[in-house]
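Engineer: build the 3D model from these lines:
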Amino acid sequence: MDLSTIYSDLNEEQREEIEALPRAERLIHIATLLNRPTRELVTQIAATTGLPVSKEIELIDNPTATLPLRLIHEYQCVPVRSTEQAAADETDEPTSAGPIPLVTLWPPDEAMDRWIFAVSGRMPAWHLGDPEQVINTITQRFGVGADSLEESDVLTNEAEADEEEDEDAAVIRFVNEVVHKAVVDRATDIHFEPHRDALQIRYRIDGELVAIRVPDNLIRFQDAIISRLKIMAKLNISEKRRPQDGRISFGAGDSELDIRISTFPTMYGESVSLRLLNQKSKPLSMRELGLTEGEEDKVTRTLAAPHGIVLVTGPTGSGKSTSLTAFIRLINRPERRIITVEDPVEYEVPGVNQTQVHAEIGLTFANSLRAVLRQDPDVIMVGEIRDRETADIAIRASLTGHLVLSTLHTNDAPGALTRLTDMDIEPFLIASSVEMIIAQRLVRRLCPNCAQPANYEQHHIESCLTTMQIDRSEAQFGHLTKAPVGCARCRKLGFRGRVAIFEILRMSEEIHEHIVKRESSRVIRQTAIAQGMRSLQQSGWEHIKNGTTTFEEVMRFAELESDELN
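Structural biologist: Just a heads-up that it's a prediction; the model follows:
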């Protein structure tokens, strides 16, 4: 197949890199390199190769009877219904055994044609499809790694030693495929959960747990799979009664993963959780975080200050570290020395000195921060303020001419001030050092490919606005709202990716007085809102009006916070 028009925009090193990748990753990687939509590239390849494009994938009734499961996974192709088959189904007439219509995500070669003819006795009729649609179809219909643990793979030899060797290889291949598929699906976590009759595997995608289809005989390989994961993390495979923690370095195509592994004993075996950290992930820009133009201007002006503290608050998994990294990228200049102390280092920022805490050797946030102050920094980023010692050092660093960025676990922006007071930090020190507090949450972003107008009833919109403590007159914008539908690109979920909503509290003289008087966070919140602070719920409503997310997503935390404030 002639791919010269696609390759013409790539250099020789990039072409070799593409050829070395598995078929499932090539087009997606090219789209990333060229910063072009995959659908546009599919159309261009189709025009060059003469292959038709398949917009929708409709599998035949029994795909594996036509094409072995191993070839479906290896070639990343699926047998689909042809126009003749659809017509025959309507008339109940048999069809002749002509070419097999196959949808794939990368142009085939002659070897693929020969193998398919050898196993099926029929020549393939190739079509190109959207890579994500093809991959999702294979995963949802046949499961992740379904071909790796087939009986035929692990019981092909008579000798017991050979059988064990084949089984080990199959388990290794299966684990690799599970992790690789998680990377393709943008998962942040993988959970291996043993139950009485099954080993369940779930991905956390956009903050939601999604069960993945796995082979029916997976329970037979449960111990081998768990042991394989522990071996990869250099854990004690014989210790099954106590929790263990470790790390795995894993290469998946052009991605380099730093995987944090945690084991935990349960009734039916060890539960294993993997946190995936992509070392090549590109940090987001300020606008990509979800900040509006006005919010971005406030944050930029505060970060331009030579000293002070900027805090980002929110629960675990709300994107605080991602925001801090975006701030660091914004202020990173050759004339500024920036040092970060993180746990773990999630994004690499060129030109920034980044270190990771190791509590087991005494390298805590507090001890690291003391050492950093002797390194002549201009800007310090502390991954998290967990205790009084770290808070005290951070505040004193800001008072001696350093800009300090850090995070706190509080529900809202005003709560960070009272949290510092609860850590026995003197109120006058808090008022003198803290410049800005940003509370944030992550909500799922509607899939742009399938979202449709919501058509909510007027009373439903007004009820939602009341719960979110927003003026009911805003219901006039209800016609702008959208609702999830579900398509192949979003795995039928209706959502794809996440966006942050923010509550930004800037310090003022009146708020300083509240802090010194040890006023409650409720009083501070009322003053901040009167001075123009937009609440998390109001920020969420703006995204709802823009068709970015839904009422349900914002109200998942809005109802809880409304109860806390009353």
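
Engineer: show me the shaky parts of the stretch 151-300 of the chain.
Structural biologist: Counting by pLDDT under 70, the ranges of the stretch 151-300 of the chain that qualify are 151-167, 252-255, 279-283.

Engineer: show me where it has strands.
Structural biologist: Along the stretch 151-300 of the chain, counting by DSSP state E, counting those that start in this stretch, strands occupy 187-194, 199-205, 208-211, 244-252, 255-266, 269-278.

Engineer: turn those strands into JSON lines, columns for distance to Pro344.
Structural biologist: Just so you know, the C-beta spots here come from the backbone N, C-alpha and C atoms, and that holds for glycine as well. Converted to JSON lines, those look like this (distance: least, C-beta to C-beta, whole Å):
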{"stretch": "strand 187-194", "distance to Pro344": "13"}
{"stretch": "strand 199-205", "distance to Pro344": "17"}
{"stretch": "strand 208-211", "distance to Pro344": "22"}
{"stretch": "strand 244-252", "distance to Pro344": "9"}
{"stretch": "strand 255-266", "distance to Pro344": "7"}
{"stretch": "strand 269-278", "distance to Pro344": "6"}
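
Engineer: quick one: which of these is nearest Gly497?
Structural biologist: Comparison of the strands of the stretch 151-300 of the chain against Gly497 by C-beta to C-beta identifies strand 199-205 as nearest, at 9.6 Å.

Engineer: go ahead and confirm Leu429 touches Ala397.
Structural biologist: No. Assessed by C-beta atoms under 8 Å, Leu429 is found out of contact with Ala397, at 11.7 Å.

Engineer: neighbour count: the two, which is higher?
Structural biologist: Ala397 (22 against 17; other C-beta atoms under 10 Å).

Engineer: the closest residue to the more buried one other than its chain neighbours is in what secondary structure piece?
Structural biologist: For Ala397, ignoring the flanking residues on the chain, the nearest one in space by C-beta to C-beta, 6 or more residues apart in numbering is Val404 at 5.5 Å. Assigned by DSSP states H and E, Val404 falls within strand 403-408.

Engineer: contact partners of the very next helix or strand once past that strand?
Structural biologist: Remark: after strand 403-408, the chain's next helix or strand is helix 413-422, criterion DSSP H and E. Here helix 413-422 makes contact (C-beta atoms under 8 Å, 6 or more residues apart in numbering) with 311, 313, 391, 408, 410, 427, 430, 434, 437-439, 503-505, 515, 518, 520-522, 524-525, 528, 533.

Engineer: filter the residues you listed to the buried ones?
Structural biologist: 311, 313, 391, 408, 410, 427, 430, 434, 437-439, 503-505, 515, 521, 524-525, 528, 533 (16 or more other C-beta atoms under 10 Å).

Engineer: which ones among the residues you listed are found in helices?
Structural biologist: Applying DSSP state H to these, the entries found in helices are Ala391, Pro427, Ile430, Ile515, Ser521, Ile524, Arg525, Ala528.

Engineer: okay, the first one and Val345: tell me how far apart.
Structural biologist: So the one you mean is Ala391. Separation of Ala391 from Val345 (C-beta to C-beta, to the nearest Å): 22 Å.

Engineer: tell me the confidence at Glu150?
Structural biologist: pLDDT for Glu150: 55.

Engineer: just use 283 as the starting number from now, easier for me
Structural biologist: Got it, the first residue is 283 from now on, which makes the last one we talked about Glu432.

Engineer: now tabulate the ones in helices among the buried ones among the contacts of helix 695-704 in a markdown table and tack on pLDDT and distance to His589.
Structural biologist: Shown next, in a markdown table, are these (pLDDT from 0 to 100; distance: C-beta to C-beta, whole Å):
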| residue | pLDDT | distance to His589 |
| --- | --- | --- |
| Ala673 | 93 | 16 |
| Pro709 | 92 | 19 |
| Ile712 | 93 | 15 |
| Ile797 | 93 | 18 |
| Ser803 | 90 | 25 |
| Ile806 | 93 | 22 |
| Arg807 | 92 | 26 |
| Ala810 | 93 | 22 |
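
Engineer: partner strands of the strand holding Val686 and their direction?
Structural biologist: Here strand 685-690 has these sheet partners by DSSP bridges: strand 590-595 (parallel), strand 661-664 (parallel).

Engineer: out of the ones you listed, which is closest to Glu834?
Structural biologist: Set against Glu834 and scored by C-beta to C-beta, the strands paired with strand 685-690 come closest in strand 590-595, at 23.5 Å.

Engineer: can you tell me what sits against the closest one?
Structural biologist: Residues outside strand 590-595 that contact it (C-beta under 8 Å, 6+ apart): 584-585, 602, 605-606, 609, 667, 676-677, 680, 685-695, 697-698, 715-722.

Engineer: ok, stretch 790-802 next?
Structural biologist: Stretch 790-802 has contacts (C-beta under 8 Å, 6+ apart) with 699-700, 703, 709-710, 712-713, 787, 805-806, 809-810, 813.

Engineer: from Met718, how far off is Arg788?
Structural biologist: Distance of Arg788 to Met718, computed by C-beta to C-beta: 5 Å.

Engineer: which residues in the stretch 683-832 of the chain form strands?
Structural biologist: Counting by DSSP E, counting those that start in this stretch, the strands of the stretch 683-832 of the chain are 685-690, 716-728, 734-735, 764-765, 777-788.

Engineer: more neighbours: Arg788 and Met718, which one.
Structural biologist: The neighbour count for Arg788 versus Met718, taken as other C-beta under 10 Å, is higher for Met718 (21 against 18).

Engineer: contacting residues for the more buried one?
Structural biologist: Per C-beta under 8 Å, 6+ apart, neighbours of Met718: Lys580, Val581, Thr584, Gly590, Val592, Leu593, Ile786, Leu787, Arg788, Met789.

Engineer: these into CSV, with extra columns for distance to Glu322?
Structural biologist: Formatted as CSV, those follow (distance: C-beta to C-beta, whole Å):
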residue, distance to Glu322
Lys580, 37
Val581, 34
Thr584, 40
Gly590, 46
Val592, 40
Leu593, 42
Ile786, 37
Leu787, 43
Arg788, 43
Met789, 47
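
Engineer: what's the closest of those to Met405?
Structural biologist: Looking across the contacts of Met718 and measuring by C-beta to C-beta, the closest to Met405 is Val581, at 60.0 Å.

Engineer: contacting residues around the closest one?
Structural biologist: With contacts defined as C-beta under 8 Å, 6+ apart, Val581 is in contact with Met568, Leu573, Phe609, Met718, Ile720, Ile786.

Engineer: how many neighbours does the nearest residue to the first one once chain neighbours are set aside have?
Structural biologist: Put plainly, it is Met568. Sequence neighbours aside, Glu578 is the residue nearest to Met568 in space, at 5.1 Å (criterion: C-beta to C-beta, 6+ apart). By other C-beta under 10 Å, 17 other residues sit near Glu578.
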